[in-house]
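Student: need a structure here:
(4 chains, ligands or ions: 4)
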Amino acid sequence: MTLSDHISYALVDEQDELSSDTLREMYRYMLLARALDERMWLLNRAGKAPFVISCQGHEAAQVGAAFALQRGKDFTLPYYRGLATVLVMGMTPLEVMLGVFARAADPSSGGRQMPAHYGSRRLKIVTQSSPVGTQIAHAAGIGLAEKIRGGDAVAWTSFGEGTSSQGDFHEALNLAAVHNLPVIFQCENNEYAISVPQRMQMAVTSVADRGPAYGMPGISVDGTDVLATYEVTRRAVERARRGDGPTLIEARVVRMTAHSSDDNDRTYRPSSELQALKQHDPVARFRGYLREHGILDEVQERELREQIGHAVNEATEQAERAPMADPETLLEHVFAG
Amino acid sequence: MTLSDHISYALVDEQDELSSDTLREMYRYMLLARALDERMWLLNRAGKAPFVISCQGHEAAQVGAAFALQRGKDFTLPYYRGLATVLVMGMTPLEVMLGVFARAADPSSGGRQMPAHYGSRRLKIVTQSSPVGTQIAHAAGIGLAEKIRGGDAVAWTSFGEGTSSQGDFHEALNLAAVHNLPVIFQCENNEYAISVPQRMQMAVTSVADRGPAYGMPGISVDGTDVLATYEVTRRAVERARRGDGPTLIEARVVRMTAHSSDDNDRTYRPSSELQALKQHDPVARFRGYLREHGILDEVQERELREQIGHAVNEATEQAERAPMADPETLLEHVFAG
Amino acid sequence: MAEINLLEAIRQGIDEMMAHDPGVFILGEDVGKRGGVFRVTEGLMDKYGAQRVIDSPLAESVIVGACIGAALNDTRPIAEIQFADFIHPAFNQIVSEAARMRYRSNGDWGVPLVIRAPYGGGIHGALYHSQSIEAFFAHVPGLKVVAPSTPYDAKGLIKSAIEDPDPVLFLEHKKTYRLIKGQVPDHDYRVPIGKAEVKRPGDDITLIAYGLMLHFCLEAAQVLAGDGVSVEVLDLRSLRPLDTEAILGSVRKTGKALVVHEDNLTGGFGGEISALISEHAFEHLDGPVMRLAGPDVPAMPFAKPLEDAFMPSPEKIVAALRKLAAY
Amino acid sequence: MAEINLLEAIRQGIDEMMAHDPGVFILGEDVGKRGGVFRVTEGLMDKYGAQRVIDSPLAESVIVGACIGAALNDTRPIAEIQFADFIHPAFNQIVSEAARMRYRSNGDWGVPLVIRAPYGGGIHGALYHSQSIEAFFAHVPGLKVVAPSTPYDAKGLIKSAIEDPDPVLFLEHKKTYRLIKGQVPDHDYRVPIGKAEVKRPGDDITLIAYGLMLHFCLEAAQVLAGDGVSVEVLDLRSLRPLDTEAILGSVRKTGKALVVHEDNLTGGFGGEISALISEHAFEHLDGPVMRLAGPDVPAMPFAKPLEDAFMPSPEKIVAALRKLAAY
Ligand SMILES: Cc1ncc(C[n+]2csc(CCOP(=O)(O)OP(=O)(O)O)c2C)c(N)n1
Ligand SMILES: Cc1ncc(C[n+]2csc(CCOP(=O)(O)OP(=O)(O)O)c2C)c(N)n1
Ligand SMILES: [Mg+2]
Ligand SMILES: [Mg+2]
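Tutor: Ligands and ions are numbered 1, 2, ... in the order given. Just a heads-up that it's a prediction; the model follows:
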């Protein structure tokens, strides 16, 4: 039994008032993302995973947003921090771990890409590259095709605040606004682009300020608050499905780790800042909320963690045992057929 | 005697209250630009100039802005509609006509580029290409170098509203804002990019709306009003010289001709609109102002027109007689030395 | 059968595909009311509506990028780049994205996209309206690059390109648009991507070209016939996939080869063809593989004497052929 | 004389030029506090201040575009592209602008700009952190392209590049950064742009390479020496301007040539070299000019077995050399 069996697809819908089950399910995804992420770092330190890049600190923003989308219908174009996004959209821990180990069965790329370059046609998670920002244009195009074809699916894409400096961000938001396309642009602002702080990246305090410059709403939300992110995304999805056009959402988050396993953020982040990070942990925050509101008790929490721990172990072991791609396959899939 | 001998450099300074002489000088540049421009079309229709692209309708925006700059000190990076800009910055009618005829002595490119791709190192008019928007980044870089070198020159660049859709616009304005660079971005909004109307180009009514999204002032001005354009530019120049950073100015203008001599705007512009264009003629408007305020009488006007007519004739004849580049020179200037 | 020019052939091909498949649409600057600055898409907006013939903002990266996205969402986009010279802002989207999505997703996602780009000079277009761009893109695995020279091929290839499951860069030589006319059958047909064609058979020298240069080569071959030299003219039609067998087959027969392109010599696609020949037909060579190409200057000037000096011409090709024949 | 690695050599070269000329400055992502993701600029911000070592926004087009502007305003900018793979958004600024300003202004304006870009694979960088990009840029007239393989050359070339009045793309093979060490003199010196160097003299085969491949070629040549075959290894160092005389001189002597690069085969720069040789040294050839290169797949995969299968290796070079020797 893998964890994915527990996923209740029905929970991912557009309801306004979230049931306790849904809230616990959201929490479960956040915990799962965190557990997988932490495991990746362990594997990296153990020399088993040459490259790791984290979603730690972004879980609430991603889970909140993804719960406002419809799995199997809406397109997601997450970036490399999108682990929690792809989990909610249906990727299993095993599938994720196959990517971490770059195995042949990695659904994203068969081990061709670095880990965290998620993709799955089945789940409408669009294959992602490393050059930042290109997916923002693809999201606009998916929305354009949806409009041409008369469908009501939504394209949701995510990227960092550093990436909002790329020309593709500008061109894509502008096009989406001109044509009222059903697209949601989620900027996960963690205030750093590797070592470059936000004040060296832009002269405004919020990326959301740019929405109106394109003629679309720009909304800044506390991205460590899963319910707040859910709610703004839900409204943006409604707006998009109604044909009223795109929304830019800035989710303010924290990057709780170094940029990646190749980085050392102590060289550029003040230690006081590093120490304060834990205070903004979105997982802890949501746990506090659930406990406070009596939605999650200690027993449930323990069960959940055990379940997840088990799933992560199993996924890790299974993935590690899976074979690498045959060198003969190097030449495959340049073109179709 | 060429017309340039008449140019009083001192007039191009930062004074607040413009003297009558200065106002007449502004008018003279507008008239000159118009006369040269009209002559180019005649030459085109006569089969003597294979390509013409116009500044008609943009004269006030360009002359107003350029009078706020300091010739020989400030950099200009105009686009292909910048005839009036380069005249004020010191290019002579003969130099312009040498470009129209693509003669070897064309100071912009020696006949290598299409006409209207102005450039002159002596006059700090930066060599311009055809791919739109690239110069916006160069302007930011000139400002950056100025800051590094501790100078107080300003970089002024112009482009159309269509061009504001390019990624380079976004990246350059953002960089200029982050570093408070002494740059003025003048968008000459004539509501068309060839045949594409503004509403298909952007979902906002004014390009100036984008200034605040970068953390810089965005000012929309009636670009058919030479004095209004002068005034907003003067303030932007002061701001830039003070080290307070860049300004985005949208000058609302009209494109009184087809996009270029290769275009036929009757295929996409309603005839009512075409007929109404003359009502927005910035040259006529400024003439009205000067007459109303008793700054220009009929005699002066006639003299000015005669002088200009003479200068345009002379420039045309001289340029036409000038030799083409020797084919042997094809391989020159790929690299220095 | 009707005689039409190359531009009309492309328009017809697009029109027929749009009529047949509602997923085919066009995105580009001035493609709508204006029908494109060269008029390739003229009349298509009236016929298929502003939803399928879309005047884009002036932004090439998102023209291509959005078309990639649209291709992923079950449509068949045609991106028009107004002049090939202006494709460079979209370089990243083409090279890093369109060309790699299938490979990087291990075959999961594909990008059925056509990018049309009018290229080439000799039309008084100056430095930025005359460029040949094929060398940049024919180097990119995952991208198909075609460059037809006749109306028949153009129509057959544009239809193949639109149907192709992978991204195709469709290069249209501006000077051939109205200059080159030819018979095009009334019935539906395709020209396969990746197949060259002998446009004039011959025995003594293989002359390899595409686009406008193909026509200059045919003229030159005619002149050489007068010299008693039989020149085989091979029209590549597709640069990627390249019809290596057709090239090698011809050269093995003739023993000599001249490659002609308008693009700058150094690092141009002629180098690839030359290298292939010397690697795989070395023993058949009776002389050096030669190249005739645009000189190594940044681009083609506006002034007529300079433009003429830049352009390869039938005369220059004749001179090179004579040199090779005499070898 | 001190033994340092290639990365340190580049840093030293930049440092010395910055000390000497206050107009030299660096613009790039993470070049400041972080000292670059590879640490090439480590310590330079402390030394020269945040005004001259500038952490740019994440936007390659304006990194290059602003450096072009700065170069026009009397400074000597060094643009760092974090990985060569990410240079493509700046393609338009490099190709249409930097490389053409001198030509298009008829010599009036020049762009003294260096663009540094770490390229190449074999470092587990996967599809987008491993690319070779030289073929795209070595095709562009008006641009210089260098690719050193030793610390000595790297230091001498970066200094020449910074002093050069024209734009230079400076390619640094990532795998050589710390792997390749060598003696670098204490005194000020330059290595001229446009000059190749024989790194190992030989008589039977000319082996041509640059960057990391040069070292693999030296290893392979050593193996062939054991076979009794004398291989001359030519390090191009500059791809543009290309030292044609050095190439032809060597091949005229040996009669055989193998070109090696990591970049994809088809349309790669090896084609140009092969074409030059067969055009200008045809009569001296005792065998086909051969190429060994990365296969024609969009890029180098992450999974080790696939990455290894992609990379040219000393063993593959040995095999190709043996085949050529036996010809
Ligand atoms: C076009 C491009 N340039 C540079 C890089 C190298 N790079 C990878 S991530 C990154 C920083 C991204 O910052 P941000 O967008 O804020 O996202 P975050 O990692 O903070 O979530 C950089 C510079 C890249 N991947 N693509
Ligand atoms: C990158 C690029 N794409 C396309 C073109 C072709 N083109 C030349 S001018 C133009 C329209 C420009 O419109 P706008 O910026 O509004 O300036 P205007 O001509 O209206 O003053 C286009 C599409 C170009 N020159 N460069
Ligand atoms: Mg960030
Ligand atoms: Mg306009």
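Student: is stretch A:203-214 in proximity to chain D?
Tutor: No: contact of stretch A:203-214 with chain D is not found when judged by Cβ under 8 Å from any Cβ of the partner chain; the minimum separation is 10.1 Å. (Each C-beta comes from the backbone N, C-alpha and C, glycine too.)
Student: correction: the previous question concerned stretch A:248-256.
Tutor: No: using Cβ under 8 Å from any Cβ, stretch A:248-256 stays clear of chain D, coming no nearer than 14.3 Å.
Student: would you mark the buried spots in that stretch?
Tutor: Neighbour-count burial for stretch A:248-256, counted by 16 or more other Cβ atoms under 10 Å in any protein chain shown, picks out A:Leu248, A:Ile249, A:Glu250, A:Ala251, A:Arg252, A:Val253, A:Val254, A:Arg255, A:Met256.
Student: now the last one: which helix or strand?
Tutor: Right, the one you point to is A:Met256. Secondary structure assignment for A:Met256, by DSSP states H and E: no helix or strand.
Student: thinking it is in contact with A:Asp281, fair?
Tutor: Yes: with contacts counted by Cβ atoms under 8 Å, A:Met256 reaches A:Asp281, the gap being 6.8 Å.
Student: just give me the neighbour total for C:Asp220.
Tutor: Careful, residue C:220 is Ala; it's not Asp. Residue neighbour count, defined by other Cβ atoms under 10 Å in any protein chain shown, stands at 29 for C:Ala220.
Student: quickly find the element holding the closest residue to it other than its chain neighbours.
Tutor: Take C:Ala220 and drop its neighbours on the chain: the residue closest to it by Cβ to Cβ, 6 or more residues apart in numbering or on different chains is C:Ile317, 3.8 Å away. Taking DSSP H and E as the definition, one finds C:Ile317 inside helix C:314-325.
Student: with C:Leu171 instead?
Tutor: strand C:168-173.
Student: keeping just the C-alphas, turn whichever helix or strand comes after that strand into CSV.
Tutor: Moving toward the C-terminus from strand C:168-173, the next helix or strand (DSSP H and E) is helix C:176-179. Output of helix C:176-179 as CSV, limited to C-alpha atoms (Å, rounded to 0.1, in the frame of the first residue of the first chain):
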residue,chain,number,x,y,z
THR,C,176,10.9,34.0,-53.4
TYR,C,177,7.5,35.0,-52.1
ARG,C,178,6.3,36.6,-55.3
LEU,C,179,9.2,35.9,-57.6
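Student: of all residues in chain A, which one is nearest the centre?
Tutor: Centroid check for chain A by Cα atoms, centre = their mean gives A:Gly82 as the closest residue, at 2.5 Å.
Student: quick one: mean pLDDT for the helix holding C:Ile317?
Tutor: With pLDDT averaged residue by residue, helix C:314-325 scores 98.
Student: same for it, what does it pack against?
Tutor: strand C:205-209, helix C:212-227, strand C:257-264, strand C:290-294 (3 or more Cβ pairs under 8 Å, 6 or more residues apart in numbering or on different chains; DSSP states H and E).
Student: that one vs strand C:205-209, what angle?
Tutor: 140 degrees (axes from the mean of the first three to the mean of the last three Cα atoms, to 10 degrees).
Student: what sits up against helix C:314-325?
Tutor: Here helix C:314-325 makes contact (Cβ atoms under 8 Å, 6 or more residues apart in numbering or on different chains) with C:204-205, C:207, C:216-217, C:219-221, C:223-224, C:227, C:229, C:231, C:256, C:258, C:260, C:287, C:290, C:292.
Student: grab the nearest non-local neighbour of the residue in the stretch 51-200 of chain C that chain B sits nearest to.
Tutor: The nearest approach of the stretch 51-200 of chain C to chain B comes at C:Tyr128, 3.4 Å away (Cβ to the nearest Cβ). Spatial nearest neighbour of C:Tyr128, excluding adjacent residues (Cβ to Cβ, 6+ apart): B:Ser130 at 3.4 Å.
Student: that neighbour: how many residues sit nearby?
Tutor: 21.
Student: tell me the contacts of it?
Tutor: B:Tyr80, B:Gln113, B:Met114, B:His117, C:Asp85, C:Phe86, C:Ala126, C:Leu127, C:Tyr128, C:His129.
Student: reformat those as JSON lines; add neighbour count and distance to C:Asp235.
Tutor: Below are the contacts of B:Ser130 laid out as JSON lines (neighbours: other Cβ atoms under 10 Å in any protein chain shown; distance: Cβ to Cβ, whole Å):
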{"residue": "B:Tyr80", "neighbour count": "22", "distance to C:Asp235": "37"}
{"residue": "B:Gln113", "neighbour count": "31", "distance to C:Asp235": "33"}
{"residue": "B:Met114", "neighbour count": "26", "distance to C:Asp235": "31"}
{"residue": "B:His117", "neighbour count": "26", "distance to C:Asp235": "35"}
{"residue": "C:Asp85", "neighbour count": "26", "distance to C:Asp235": "24"}
{"residue": "C:Phe86", "neighbour count": "22", "distance to C:Asp235": "27"}
{"residue": "C:Ala126", "neighbour count": "28", "distance to C:Asp235": "28"}
{"residue": "C:Leu127", "neighbour count": "25", "distance to C:Asp235": "28"}
{"residue": "C:Tyr128", "neighbour count": "21", "distance to C:Asp235": "28"}
{"residue": "C:His129", "neighbour count": "26", "distance to C:Asp235": "25"}
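Student: closest one to B:Val334 out of the residues you listed, please.
Tutor: Checking the contacts of B:Ser130 against B:Val334 with Cβ to Cβ, the nearest one is C:Leu127 at 12.5 Å.
Student: could you check the pLDDT of the nearest residue to that closest one once chain neighbours are set aside?
Tutor: The shortest distance from C:Leu127 to any non-neighbouring residue, by Cβ to Cβ, 6+ apart, is to C:Ala299 (4.1 Å). C:Ala299 is assigned a pLDDT of 95 by the prediction.
Student: check whether stretch C:32-48 comes near ligand 2.
Tutor: No: applying Cβ under 6 Å from any ligand atom, one finds stretch C:32-48 separated from ligand 2 by no less than 7.6 Å.
Student: may I have that stretch as PDB, with CA atoms only?
Tutor: This file holds the C-alpha atoms of stretch C:32-48, laid out as PDB (Å, rounded to 0.1, in the frame of the first residue of the first chain):
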ATOM      1  CA  GLY C  32      -5.100  39.600 -38.400                       C
ATOM      2  CA  LYS C  33      -6.600  42.600 -40.100                       C
ATOM      3  CA  ARG C  34      -3.400  43.400 -41.900                       C
ATOM      4  CA  GLY C  35      -3.000  39.800 -43.000                       C
ATOM      5  CA  GLY C  36       0.700  39.900 -42.200                       C
ATOM      6  CA  VAL C  37       3.200  42.400 -43.400                       C
ATOM      7  CA  PHE C  38       3.800  40.200 -46.400                       C
ATOM      8  CA  ARG C  39       0.100  39.200 -46.700                       C
ATOM      9  CA  VAL C  40       0.700  35.500 -46.100                       C
ATOM     10  CA  THR C  41      -2.300  35.400 -43.700                       C
ATOM     11  CA  GLU C  42      -4.500  37.700 -45.700                       C
ATOM     12  CA  GLY C  43      -8.200  36.900 -45.600                       C
ATOM     13  CA  LEU C  44      -7.700  34.200 -42.900                       C
ATOM     14  CA  MET C  45      -9.100  36.300 -40.100                       C
ATOM     15  CA  ASP C  46     -12.200  37.100 -42.100                       C
ATOM     16  CA  LYS C  47     -12.600  33.400 -42.700                       C
ATOM     17  CA  TYR C  48     -11.700  31.900 -39.400                       C
END
